[in-house]
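> Fold the stuff below for me.
(2 chains)
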Amino acid sequence: MRKLQKSTRESIFTYAIVIVAFLATQGLMLSGNISSALTGQLVPICAYVVMAVSLNLTVGVLGELSLGHASFMSVGAFSGVTACISLANVIPSDPIRLVVGMVIGAICAGAAGFLIGIPVLRLNGDYLAIVTLAFGEIIKNLITCLSVGVDSRGLHFSFLTSSSMLNLEEGGTVIINGPMGIAGIPKLSTFTAGFILVVVTLFIVMNLVKSRAGRAIMALRDNRIAAESVGIPVTKYKLMAFVTSAALAGAAGALYAMNFSTIVATKFNFSTSILILVYVVLGGLGNIWGTVIAATVLTILPEMLRGFNDYRMLLYAIVLIIVMLATNNSRLKLIPAWLKKTLGSKTGKESISNE
Amino acid sequence: MKKFLLFLLTAAMLLAMTACNGDSSTGATATPAAGGQTSAGGSIKIGGTGPLTGGAAIYGQAARNGAQIAVDEINALGGIQFELQYQDDEHDAEKAVNAYNTLKDWGMQISLGSVTSTPCVATSVENNADRIFALTPSASAVAVTEGKNNVFQMCFADPNQGTASAQYINDQKLGTKIAVIYKNDDVYSSGIYETFSSKAAELGLDVVSTTTFTEDSQQDFSVQLADAKNNGADLIFLPMYYTPASLIFQQAKSMDYSPKYFGVDGMDGILTLEGFNAELAEGVMLLTPFNADSTDTRTVNFVAKYNDAFSEVPNQFAADGYDCIYAIYAAVKAGNITSAMSASEMCEILVKQFTTTSFNGLTGDNVTWGANGQVSKSPKGMIIENGAYVGMD
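As a prediction, this is how the structure comes out:
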């Protein structure tokens, strides 16, 4: 422990949380002590964790407020599922098809992130937030209009909101049916796949943050002018963080979509973006393990509150407010310091040398 | 400062609590009825998901209330006992699957699927995988029943409504130039439109204007109405729910445009819409399976009970919920199902019963189901006259 840096200790802690949670859940599942309500939520939790961690890269590490993160999830979901359905005959193995779907989802979302990033990242602060919000709505509306079908000649696209415009051959199937979205998605996602995606995401994000590029990105966040003056290319590093974030969201979208048999574009709207932003803010800006915990807890919480019927969302809101107040309370903030002090007196020099 | 904030928060919370209590007296009366029977041993557990909160809440609440009335009636008869639980899905596929799983943990033996289409597509897959029989009151998309042999619909599938409307307009010669306004980000609305347009083309109906709106733009219809007016449409087909339709009537009137209107089952309930001037709906035609003003004794009885319990006139969703429970009751009786059976055993018996027998309910006589789960019943053409629905044929 002595020689480990603080950031390395944090990374190990983050991986440990995820792995312990995974093993504990697997254990519960094997022994049959888990409710079907929780089992059904495992894959969405993984998807939301990936979403939140990737958004933390934009909001916490890059320091730019993005309100359109759900749109990248949407791009990933629709492109990933389209790939999975059209490749059904080419790749018979389900896990490989899922991986291919997630990779294609990530590539498409990354490409969308790149295209959006070029004009958007010239802006700062509030303006950037508003423009990402607008792009989120544009993507939602475009996908609502999109029809995609597949037949022996390949994929057919149409923006004319009617799947009959696709001119499919006999035996061709409509994959994305305009506003009706995709129905009949094969259920390929598993908890293990979700867990692997979470670990891969953590690996990518935490290593990026610790790298030279990550330091450059944080320098931009802390003082853009100072960073520019020492020769850090602003656009390059901003785009790097933004596109990575978008691509990971795309993979999460594909994972999410392939857990449910249907998705519609309107699901990935402004409120979903805000929901993920709430995970990030409550978990702590730039704090990866906090985001993982916040995303998990806040996904499960509304389901735990089902017993309260109509008051459920009210209680959810109150819990959010209490968590916000508690984490910002100066007296509560003294507790970790006090813990460190009492624990530190036992381990003595070690903690001091680490600081 | 902090104390003041805390005080404010508590005050807001209390206010919200009391406000909720005032609004949702319907919810409060229904919940004890659902929960109160947990002690009754040997009852068959029926579960359903629907939007009990949010924008689509009226549909979920109506279906739940209708089903609850049927359950109470059946339980009062003695004999077979039912226990009903509805979980909120907020009209969202993810939440619906969560709600479904919660019901499964509760021990649901027969499912009422989900009230709205998108969530029901998601839960019906789970129903099929878990072999729990499902009869959805109102999820009308084709994908709900497609490829699942244990999922049935109580309402018309969307395509049937589209074709039936086109056929009806053609047969009755209701209009020469037809305009269509539909909601293109809605499964229900665009599903009906698609089959309507293909059937209309087949029948040679003259569709002169087709315009759309979305969730975000359903306040202003001047563009769509102007387009219909400029193209000389004398009949507007409105495959949508009644809230946007009420605005269309209002705005058409303010621009001195008075075509005939033709709606589908989502239009049912427009007369009970709060703050809506019923005169505007005068002459509106709709295809619906249920008529709350019918003089048939069962309907009269149901409407009276519903009015007593929830102080409003039931719409088609409530009637569908009511019929679902009675259809299940009939099949349970005929198949000698007992509460000790497992969900999958019940499922096999119910599937057999539903595909072989017919059912008489509020939403149709001699209702039968095909092996694909789709219902076959005849839609009733209604016209609104003097603020009441009147049969057209």
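> now the strands for chain A?
In chain A, the strands defined using DSSP state E lie at A:147-151, A:154-158, A:173-177, A:182-183, A:262-263.
> Return the helix or strand in the chain with minimum mean pLDDT.
No chain was given, so I picked chain A. helix A:349-354 (a mean of 43; mean pLDDT, DSSP states H and E).
> my bad, the chain I had in mind was chain B
That would be, for chain B by mean pLDDT, DSSP H and E, helix B:25-35 at a mean of 37.
> any idea which element B:Glu83 lies in?
Using DSSP states H and E, B:Glu83 sits within strand B:82-88.
> hang on, I meant B:Gly113
strand B:110-114.
> do the same with B:Phe152
strand B:151-153.
> Mean confidence (pLDDT) on stretch B:194-205, please.
For stretch B:194-205, mean pLDDT is 88.
> Check the gap between B:Asn277 and chain A for me.
30 Å (CB to the nearest CB, to the nearest Å). Quick note: C-beta positions are derived from backbone N, CA and C, even for glycine.
> Run a quick neighbour tally on B:Thr297.
Look at B:Thr297: counted by other CB atoms under 10 Å in any protein chain shown, it has 8 neighbours.
> what do you get for B:Lys173?
7.
> same question, the one 5 residues further on
For B:Ile178, the number of neighbouring residues by other CB under 10 Å comes to 27.
> and the one helix or strand it maps to, C-alpha only, in PDB?
B:Ile178 is part of strand B:177-183, with elements assigned from DSSP H and E. Extracted C-alpha coordinates of strand B:177-183, given in PDB (Å, rounded to 0.1, in the frame of the first residue of the first chain):
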ATOM      1  CA  LYS B 177     -62.300  14.300 -50.000                       C
ATOM      2  CA  ILE B 178     -60.600  13.000 -46.900                       C
ATOM      3  CA  ALA B 179     -57.900  14.600 -44.700                       C
ATOM      4  CA  VAL B 180     -55.900  12.700 -42.100                       C
ATOM      5  CA  ILE B 181     -54.100  14.200 -39.100                       C
ATOM      6  CA  TYR B 182     -52.100  11.700 -37.000                       C
ATOM      7  CA  LYS B 183     -49.500  11.700 -34.300                       C
END
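> List the buried residues for that strand?
B:177-183 (16 or more other CB atoms under 10 Å in any protein chain shown).
> again with stretch A:224-244
Neighbour count says stretch A:224-244 has A:227, A:232, A:237-244 buried, by 16+ other CB under 10 Å.
> Could you dump these into a markdown table and include pLDDT?
Converted to a markdown table, the buried residues of stretch A:224-244 look like this (pLDDT from 0 to 100):
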| residue | pLDDT |
| --- | --- |
| A:Ala227 | 93 |
| A:Ile232 | 92 |
| A:Tyr237 | 93 |
| A:Lys238 | 91 |
| A:Leu239 | 93 |
| A:Met240 | 94 |
| A:Ala241 | 94 |
| A:Phe242 | 94 |
| A:Val243 | 96 |
| A:Thr244 | 96 |
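> give the contact list for B:Met341.
B:109, B:349 (CB atoms under 8 Å, 6 or more residues apart in numbering or on different chains).
> residue contacts, the residue in the stretch 51-200 of chain A that chain B sits nearest to?
Closest contact between the stretch 51-200 of chain A and chain B, by CB to the nearest CB, is at A:Ala183 (3.6 Å). Counting by CB under 8 Å, 6+ apart, A:Ala183 touches A:177, A:261-262, B:121, B:141, B:143, B:146.
> right, and the pair among the residues you listed with maximum separation?
Between any two of the contacts of A:Ala183, the greatest separation by CB to CB is 13.8 Å, found for A:Asn177 and A:Ser261.
> Report the distance from stretch A:233-245 to the chain centre.
Put simply, stretch A:233-245 sits 17 Å off its chain's centre (CA atoms, centre = their mean, to the nearest Å).
> quick one on the thing from earlier: neighbour-wise, which of the contacts of A:Ala183 leads?
Ranked by neighbour count (other CB under 10 Å), these have B:Val121 at the top, with 33 neighbours.
> The closest residue to it other than its chain neighbours: what's it in contact with?
The shortest distance from B:Val121 to any non-neighbouring residue, by CB to CB, 6 or more residues apart in numbering or on different chains, is to A:Thr262 (4.0 Å). A:Thr262 makes contacts with A:181-185, B:93, B:118, B:121-122, B:143, as judged by CB under 8 Å, 6+ apart.
> Then A:Ile263?
Counting by CB under 8 Å, 6+ apart, the residues that A:Ile263 touches are A:77-78, A:81, A:181-182, A:185, A:256-257, B:93.
> Swap in 6 Å and give it another go.
A:77, A:181-182, A:257 (CB atoms under 6 Å, 6 or more residues apart in numbering or on different chains).
> since we're on B:Ser339, how many residues are nearby?
When neighbours are defined as other CB under 10 Å, B:Ser339 has 17 of them.
> so it is in which element?
With DSSP H and E as the test, B:Ser339 turns up in no helix or strand.
> any idea how chain B splits into domains?
B:41-156+B:299-376, B:159-288 (automatic domain parsing).
> Could you say which of these is packed most deeply?
domain B:41-156+B:299-376 (a mean of 22; mean count of other CB atoms under 10 Å in any protein chain shown).
> Quick one: distance of that domain to the chain centre.
On CA atoms, centre = their mean, the centre of domain B:41-156+B:299-376 falls 11 Å from the chain's centre.
> what angle do the strand holding B:Gly113 and strand B:82-88 make?
On the basis of axes from the mean of the first three to the mean of the last three CA atoms, to 10 degrees, strand B:110-114 is oriented at 30 degrees to strand B:82-88.
> Mean confidence (pLDDT) on strand B:110-114, please.
Per-residue scores along strand B:110-114 average to 94.
> is chain A contacted by it?
No. Against chain A, strand B:110-114 shows no contacts by CB under 6 Å from any CB of the partner chain, the least distance being 11.1 Å.
> what about chain B, any weak spots by pLDDT?
Across chain B, the ranges flagged by pLDDT under 70 are B:1-41, B:393.
> Up against chain A, what does it have?
Going by CB under 6 Å from any CB, the residues of chain B near chain A are B:16, B:24, B:27, B:93-94, B:97-98, B:101-102, B:104-105, B:118, B:121-122, B:125, B:143, B:184-185, B:187, B:190.
> related to what we said a few turns ago, now the residue of the stretch 51-200 of chain A closest to chain B, nearest residue through space, not along the chain?
That would be B:Ala143: by CB to CB, 6+ apart, it lies 3.6 Å from A:Ala183.
> Now do the helices in chain A.
A:6-31, A:36-56, A:69-86, A:94-120, A:125-145, A:191-210, A:212-222, A:224-229, A:234-257, A:270-283, A:288-304, A:312-327, A:330-347, A:349-354 (DSSP state H).
> Same list (the domains of chain B) but as CSV, adding distance to A:Thr190.
What follows is those, written out as CSV (distance: least, CB to CB, whole Å):
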stretch, distance to A:Thr190
domain B:41-156+B:299-376, 14
domain B:159-288, 28
